[in-house]
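S.K.: Fold the following, please.
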Amino acid sequence: MKSVSGKDLARALEKNGWRLLRVQGSHHIYGKAGVEARISVPIHSSATLKRGLLYHLLQVADLQEDDV
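M.R.: Residues are numbered from 1 along each chain as shown. Predicted coordinates for the structure are as follows:
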């Protein structure tokens with residue numbers, strides 16, 4: 001799995017219909033119409049997301065690694 005920053009993941013979410021609901025500290029909370037789940041993306045400058053967290057967020061968002 002490639003390394004992806006929180007900013008990159010946030011951009012990919014927005015391209016796929018997710019919208020920013022609120023910002024709480026350094027975490028951006030995204031939601032999508034018709035989906036109950038909320039996604040909390042940590043935005044820590046250009047730091048990459050850990051592999052397990054990235055995998056989980058992609059599963060919840062129903063995205064593939066190639067979408068990021």
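
S.K.: Pull the contacting residues for the spatially closest residue to residue 7 that is not a sequence neighbour.
M.R.: Distance criterion CB to CB, 6 or more residues apart in numbering; nearest residue to residue 7, sequence neighbours excluded, is residue 43 at 6.0 Å. To be clear about C-beta, it is placed using only N, CA and C from the backbone, and glycine gets the same treatment. Listed by CB atoms under 8 Å, 6 or more residues apart in numbering, the contact set of residue 43 reads 6, 7, 10, 26, 27, 28.

S.K.: Which PyMOL command selects the buried ones in these?
M.R.: Filtering the contacts of residue 43 down to the buried ones (16 or more other CB atoms under 10 Å) takes a single PyMOL command:
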select buried, resi 6+10+28
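
S.K.: out of the contacts of residue 43, who's nearest residue 53?
M.R.: Relative to residue 53, the closest of the contacts of residue 43 is residue 6; by CB to CB it sits at 9.5 Å.

S.K.: Thought residue 49 was touching that closest one, still the case?
M.R.: Yes: the criterion here is CB atoms under 8 Å, and residue 6 meets it with residue 49 at 6.0 Å.
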